[in-house]
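Chemist: Sequence plus the predicted model coming up.
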Amino acid sequence: MSSATPPDLPTLPGRIRWSSATAAFQIEGARTEGDRGRSVWDTWVDTPGKVKDGSTAEPGADSYHRWTEDVALAKGLGLDRYRFSISWTRIQPDGTGPANRAGLDYYSRLVDGLLDAGVTPFPTLYHWDLPVPLHDAGGWTGRDVVERFTDYTALVAEHLGDRVENWYTINEPAMTTLQGYAVGALAPGEFLLFDAIPTAHHQLLAHGHATRVLRENGAKAVGVANNHTHVYPLTDSDGDRAAALAYDALHNRLFADPVLTGEYPDMSEYGVDLPVRDGDMEIIATRPDFYAVNFYNPTTVTAPAPDVPIPFDIVPTPNVEYTGFGDEWAIKPDSLRDLLIDFAGRYPNLPPIVISENGASFPEPDTADDGINDVERIAYIDGHIRAVGEAMSAGVDIEEYTVWSLLDNFEWADGYTQRFGLTHVDFETAKRTPKASYDWYRRVIAENRK
Ligand code: BGC
C-alpha cells in the first residue's frame, strides 16, 4: 500500500450521502446493564479459546455510556447518516415477550442525539446478536425465529418509527450462514457445511417480514445489508472457473437473487433443499428501497483437491497488498468497481445501491498518545471511493457510501487484534482519538458537498 496520503481528495461524479458504521455488540459493552439478555456472542466470548486475544467485548469502546462522544464524532465528520445496530437482547432479553423499557430508552436517546446533531440515524435491527433462548430453540436453522424477529421488529418500529425513517433489517446473512453455521468461524459456531443453507432462507424471510412491519410504521427506506465479494478464478482453467461460479453462487447469488429476482440459484448439486413454502419468495422479493452492499475484498478460488467436500478452495489473491488480516484480505479496489458494474448487469431491476460497509484494519498501537497516522487506511478508503466513482460513471446508481468503522471495536473472533476505526479507541480507558483518516474523511465529505 502507498505509505503517503494521496495528494488529491477523491471526488465523485454525482452527489451521494456519506456515512460511517458500528454495531451494538462491537462497541456497546455494558452487557448486563439495563437488563440486557445474552446473545450467541456472549456465549462465544465466554467460551475459552474462541476469541483470539481472549477479550470479551467488555467494556470495549463502552459506547453504552459514551454514546454522546460517538454522536459528536459522527457530527464532527459531517456525516449525513450514522449506521449503528440495535441489540435484540436489550429490547427483548430472552428474544420474546414485551419490550424492555431500558433498552428502548437507550436507543431512543441515541436517535434523538443524532437528530439533534443533524445526523440521520440509520439503524440495523440485527447485527449477529441472536438471543440465546432462540438459539437453543434452533436459531436460524428453524422457521420459528422468523416470527420472533418480526415481533422484535414491531416493538422497535413502534417505538422509534416516529423518528427513524431508514432501516437495515439484517446484517450480512451470508456471514451468519457461511461463517456462523457452515464452518463455525463465528457464533453460533455450528459446523453444518451445506446443511447450513436453510439459515439463508430464514434470514431472508425474516428480512421480508420486517420490511412490511417497518413500512407499516412509517419507514421510508428499508433494505438488507448483504456482504458481497467479487470472485476470481485463480487461473483460466475449467476447474478454477467452475470453482469461481460455485463460490459466487454460495456467497453472492444465494443472498442477492432471492431479494432481487424472487428465485434462488440452483443449490441442488449440494444435496440441499431450501425450505421454501408457498408465498415465501414474494415476501423475500418485496422490493427493497435500496440494495445495500458491504464490501471488503475480492475472493480468489481454485478447484478443490478431489477429497475435499466443498466445490472450491479459497486462496490468496495474488499480486496485491493485504490488510492487517494478511493474505486473507486482499486490497483490490477495482474489484468493488467490477462487482458494482456486474450487479447492475445481472439485476436489471436493481434499486439504488448503498455501500453499507467498506474499510480495513491495519496494525496500530494500543494507545494513541502521538496520534495515529493511518496512511494505509486512507489509501484503502481513497481507492474504494474512486472505485465507487468509476462505477457511477459507468452508469451504476449509487446513493451512499459508508466507512466501517467510526470507532475501533471488538472484531468478533479476532477480539481487539484488528482495528478498523477512523477513531482510535484505547480499550483500557475507552479514550477516543480521531486518526488521520478521520480528518481525511471529513475533508472528503466536505469536498464532495461543494
Ligand atoms: C461485519 C462487521 C465486521 C467487519 C470487519 C463485516 O463483515 O459486518 O461487523 O467488523 O466486517 O470484519
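Modeler: Thanks, I have it. Since the model is a prediction, treat every value here as computed from it, not as a measurement. Numbering: from 1, shown residues only.

Chemist: contacting residues around the nearest residue to Phe149 once chain neighbours are set aside?
Modeler: Nearest residue to Phe149 in three dimensions, chain neighbours excluded: Ala206, at 4.0 Å (Cβ to Cβ, 6 or more residues apart in numbering). Just so you know, the C-beta spots here come from the backbone N, C-alpha and C atoms, and that holds for glycine as well. Ala206 makes contact with 126, 145-146, 149-150, 169-170 under the criterion Cβ atoms under 8 Å, 6 or more residues apart in numbering.

Chemist: Which ones among those residues map onto strands?
Modeler: 126, 169-170 (DSSP state E).

Chemist: Report the secondary structure element holding the residue nearest to Phe149.
Modeler: In this assignment (DSSP states H and E), Ala206 forms part of helix 198-216.

Chemist: So for that helix, what gets flagged as buried?
Modeler: By neighbour count with 16 or more other Cβ atoms under 10 Å, helix 198-216 contains the buried residues 198-211, 213-215.

Chemist: Over to stretch 164-179?
Modeler: Per 16+ other Cβ under 10 Å, stretch 164-179 contains these buried residues: 164-179.

Chemist: hmm, back to that, output the ones in strands among the contacts of Ala206 as CSV; include the columns distance to Gln92.
Modeler: Output for the ones in strands among the contacts of Ala206, formatted as CSV (distance: Cβ to Cβ, whole Å):
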residue, distance to Gln92
Tyr126, 12
Thr169, 16
Ile170, 16
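
Chemist: what's stretch 311-323 in contact with?
Modeler: With Cβ under 8 Å, 6+ apart, stretch 311-323 has contacts from 1, 232, 234, 242-244, 246-247, 269, 297-305, 327-332, 360-362, 376, 380.

Chemist: What's the PyMOL line that selects buried ones from the residues you listed?
Modeler: Applying 16+ other Cβ under 10 Å to the contacts of stretch 311-323, the buried members can be selected in PyMOL as follows:
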select buried, resi 1+232+234+243+244+246+247+297+298+299+300+301+302+303+304+329+330+331+332+360+361+362+376+380
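
Chemist: thinking again about what came up before, for Thr153, see how far away the residue nearest to Phe149 is.
Modeler: 8 Å (Cβ to Cβ, to the nearest Å).

Chemist: and if you look at Trp412?
Modeler: 24 Å.

Chemist: just Thr56 next, same as before
Modeler: Computed as Cβ to Cβ, the Thr56 to Thr153 distance reads 28 Å.

Chemist: quick one: which of these two has more around it?
Modeler: Thr153 (26 against 16; other Cβ atoms under 10 Å).

Chemist: if we can go back for a sec, return the subset of the buried residues of stretch 164-179 lying in helices.
Modeler: 173-175 (DSSP state H).

Chemist: would you turn those into JSON lines with pLDDT?
Modeler: Conversion of those to JSON lines gives the following (pLDDT from 0 to 100):
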{"residue": "Pro173", "pLDDT": "98"}
{"residue": "Ala174", "pLDDT": "98"}
{"residue": "Met175", "pLDDT": "98"}
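
Chemist: Identify, from those residues, the entry nearest to the ligand.
Modeler: Met175 (5.5 Å; Cβ to the nearest ligand atom).

Chemist: shared neighbours of Ala206 and Thr153, anything?
Modeler: In contact with both Ala206 and Thr153: Thr169, using Cβ under 8 Å, 6+ apart.
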